[in-house]
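> here is my input; please provide its structure:
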Amino acid sequence: MSERTTAAPARPGRRRRRGGSRPVTRRSERFAGLLFVAPLVAMLAVFALLPLGRVVYYAFTRYDGLTPARWVGLENFKFLLEWHDFWRILLNNVVLIAGIVVWVAVPFTIAIVIFGQRRAPLVRTVLLLPALLPPIIIGGVFRLLLADKGPLNETLRSIGLGALAQPWLADDKLVLLSVIGVIGWATAGTGVMLYSAGLSTLSESYVEAAVLDGANWRQLVWHIYRPALRPVTRFWTLLLTVGTVTVFFPWIYGLTQGGPGIASTTLDYQVYISGIQDGRLGLGSAIAVVGIFLIVVLLLAQYAASRVRRAAEWTS
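Residues are numbered from 1 along each chain as shown. Okay, the predicted model is just below:
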């Protein structure tokens, strides 16, 4: 007689949760991302935010770098408001900011003209050579070239064009135009490289289709190249805008040293004069804060203009 054996019912095993490791994986990825970003944040805090904070603090103090800083509140800014020369210095920066139109238009045009040409790489290389030299060296060289008895004026006089010889760096009305011209010459190569890189991403089919539709060169520039290069123009304009307030010191120091008088003195150059030469670090810091405020205003204006343009494109 055989025994009937019944198998014991299997215990329901613990169901494995699907995707149970995802939260852990995500936390690990976030932690790894923070680790990668942490050095950059630390460098930004040490080399940018902390110095910026100290500049803002010293702007409200009377400080000469030797004795302890003494809090004076808004006294430095009140002095700037009442100082007539400061408004001329601020106007000089506004004129240089207006020069951005030239510094953008010239490389934009050159890049389009040489686009697709066989000698375009050679032209870009030659134009980029000035960017390899320190600005203070370029400024010093042009200070000699543009002197009253410098090579430029002497050449004009020798070929019978003496009426065109001008005191390029000694005339209040010409000095800023000369500065704009020199900086435009020195930075054109960088702008051409940026615009050429932007043009390299442009599909030739768009240009060919426009040509087949009868578009002339002006229409190609306005309706094809200009919209395609708008991101490059925005980036290049941003760099130049910040540079007009923060990094033009070597150009001014090498080319004009702020003269004649204060006709070419800029905010960053006046920071050097007030803070270093005169030992008034509190006043120099206040001027730097004004420069930072000017940059913020310009960037916000540029952002607002971009938003308005995009809104107009969507509604059109």
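> how about Ala111, nearest residue that isn't a chain neighbour?
Among residues not flanking Ala111 along the chain, Tyr195 sits closest, at 3.5 Å (C-beta to C-beta, 6 or more residues apart in numbering). All C-beta spots, glycine's among them, are computed from the backbone N, C-alpha and C.
> please apply the same query to Gly261.
Asp172 (7.3 Å).
> what about the one you found, how many residues close to it?
Residues near Asp172, counting by other C-beta atoms under 10 Å, number 14.
> separation between it and Phe142?
Using C-beta to C-beta, to the nearest Å, we find Asp172 at a distance of 18 Å from Phe142.
> where are the low-confidence patches of the protein?
1-27, 29, 33, 44, 47, 316 (pLDDT under 70).
> which residues in the stretch 101-250 of the chain form helices?
Per DSSP state H, counting those that start in this stretch, the stretch 101-250 of the chain carries helices over the ranges 120-128, 135-145, 151-158, 175-200, 204-212, 217-220, 226-228, 230-246, 249-255.
> tell me the helix or strand right after the last one.
Read that as helix 249-255. helix 267-272 (DSSP states H and E).
> off-centre distance for the helix or strand following that following helix?
The helix or strand immediately downstream of helix 267-272 is helix 281-315, counting by DSSP H and E. Centre-to-centre, helix 281-315 and its host chain are 12 Å apart (C-alpha atoms, centre = their mean, to the nearest Å).
> buried stuff in helix 281-315?
By 16 or more other C-beta atoms under 10 Å, the buried positions in helix 281-315 come out as 281-292, 294-295, 298.
> tally of neighbours for Glu82?
Neighbour tally, Glu82, other C-beta under 10 Å: 9.
> for Arg62, grab phi and psi.
When quoted as degrees, to the nearest 10, the phi and psi of Arg62 stand at phi -110, psi 110.
> mind listing what Pro167 touches?
Taking C-beta atoms under 8 Å, 6 or more residues apart in numbering, we find Pro167 in contact with Asp148, Leu174.
> that one and Arg143, how far apart?
Going from Pro167 to Arg143 by C-beta to C-beta gives 13 Å.
> perfect, I'm done here.
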